[in-house]
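**Q** Sequence below, structure please.
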Amino acid sequence: MNKEFEEVKADIGEGKEASTTVRELLRWFGARRRRTGVVKRIQTELDNAGIITSPDFTKVWIDAEITFKKAPVAAAATKSTGSDQGEDGAAYAPKEANFLISMLKAANCGVVSVNPQDTVEKAITLMLAHDFSQLAVMSNEHTLNGAISWKTIGKRLSHENNLVEVRDAMETAVALEESEALFKATKLIIEHEFVFVRSSTDKKVTGIVTATDLSEQFQFLSEPFLLIGQIENQIRKLMNGKFTTQTLQEVCGDTDSARRERIQSVVDLTFGEYLRIIQKPENWKLLDLRVDRGVFCAELDKVREIRNDVMHFDPDGIDEEQYDQLRRFSGLMDELDALAQ
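**A** The predicted structure is shown next:
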């Protein structure tokens, strides 16, 4: 076990609390994202040590701070009867796999606010300075009075010209608990253009999530799927018409006759099967590519591994290095296709 986690265990044993970020906790375990296996390993170590994190490290933004605490006696003593055992015989029970609004960066970055008695000019200046379309209207960090925006200012000005205080152009704001499922929150964000997020414990406003934030998150999560789909189409185009049905079916071996029968063309192959076919020297020659087979297959295998990561969805997405790998390989396929013209 790593040094940092051992220090946490020692602190808890002495009645102290320790803090870190989710990202740092993952690093302690040699990981960068909350993949299922990683979460299982960390949770098992926490359970074995009688430690919990507050908030739950699986339900917050990856850069959110978490505090390690001694688990309540009842929780520490509870043992599941499942079959997925940890080292001490206690079973690991996966938690509910909801994508919560608290997992978004915007929900954790605080808000720029004005007081109801502030001037509209102050609100306008802050929106211009920060390039915001709206601001929180708050009496204090726990009391959300409403919101002021370019839209509300415009509406009020269309009826009267004597806007003075923020309260004159304020509207009711929607606030959600940080534990709200993002898919449920999405409808409200689309309807109202933004929502504020509150801490479930002290009700402090922790952030604002806008329709733009949703669009960026969608791009962040969907781009890998699109890139992988593009690469798969490029591989199919490369292989199409180059191999007999028998050659394609041989990738299954002799143990799965039903699978063999289903393979009639390259579109019936899995990503791993593309790789196994191309890896054979006799098949590689049929592609008539003037590039190194070993390097090409190694790069394709990296794409396969990323694809497996992407298909096992987690809130942290893939990292920039993996994005670059997908973009580079897709670019390579474009170049090879152009040379073949």
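
**Q** hey, let's count contacts and neighbours off CA atoms from now on
**A** Will do.

**Q** looking at the protein, which helix or strand does the model trust least?
**A** Of all the helices and strands that make up the chain, helix 73-77 has the lowest average by mean pLDDT, DSSP states H and E, namely a mean of 58.

**Q** Give the other helices and strands that the helix or strand following it contacts.
**A** Counting by DSSP states H and E, the next helix or strand C-terminal to helix 73-77 is strand 113-114. With contacts taken as 3 or more CA pairs under 8 Å, 6 or more residues apart in numbering; DSSP states H and E, strand 113-114 sits against strand 134-140.

**Q** Counting neighbours, which bits of the helix or strand just after the strand it packs on end up buried?
**A** The first helix or strand that comes after strand 134-140 along the chain, using DSSP H and E, is strand 143-149. Under the neighbour-count criterion of 16 or more other CA atoms under 10 Å, strand 143-149 has 144, 145, 146, 147, 148, 149 buried.

**Q** Can you add pLDDT and distance to residue 291 and give the residues you listed back as TSV?
**A** TSV is the format used below for those (pLDDT from 0 to 100; distance: CA to CA, whole Å):
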residue	pLDDT	distance to residue 291
144	96	62
145	97	64
146	97	62
147	98	59
148	98	59
149	96	57
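
**Q** OK, contacts around residue 4?
**A** Each residue near residue 4 by CA atoms under 8 Å, 6 or more residues apart in numbering is listed here: residue 28.

**Q** Check which helix or strand it maps to.
**A** helix 3-13.

**Q** Now do that helix: distance to the chain's middle.
**A** Averaging C-alpha positions (CA atoms, centre = their mean, to the nearest Å) puts helix 3-13 28 Å from its chain's average.

**Q** Can you list the buried residues in it?
**A** So helix 3-13, judged by 16+ other CA under 10 Å, has buried residues 8, 9, 11, 12.

**Q** Over to stretch 124-132?
**A** Counting neighbours by 16+ other CA under 10 Å, stretch 124-132 gives 124, 126, 127 as buried.

**Q** Mean confidence (pLDDT) on it, please.
**A** Mean pLDDT, stretch 124-132: 97.

**Q** Just the helices from the stretch 101-250 of the chain, written as ranges.
**A** 120-130, 150-157, 182-192, 211-239, 245-249 (DSSP state H, counting those that start in this stretch).

**Q** Which elements pack onto the fourth one?
**A** Put plainly, it is helix 211-239. helix 182-192, helix 293-311, helix 320-339.

**Q** let's go with 7 Å and repeat that
**A** Where contact means 3 or more CA pairs under 7 Å, 6 or more residues apart in numbering; DSSP states H and E, helix 211-239 is packed against helix 320-339.

**Q** What are the contacting residues of the helix it packs on?
**A** 227, 231, 234, 303, 306 (CA atoms under 7 Å, 6 or more residues apart in numbering).

**Q** tell me the two of these that are most distant?
**A** Taking CA to CA as the measure, the contacts of helix 320-339 span a maximum distance of 16.6 Å, between 234 and 306.
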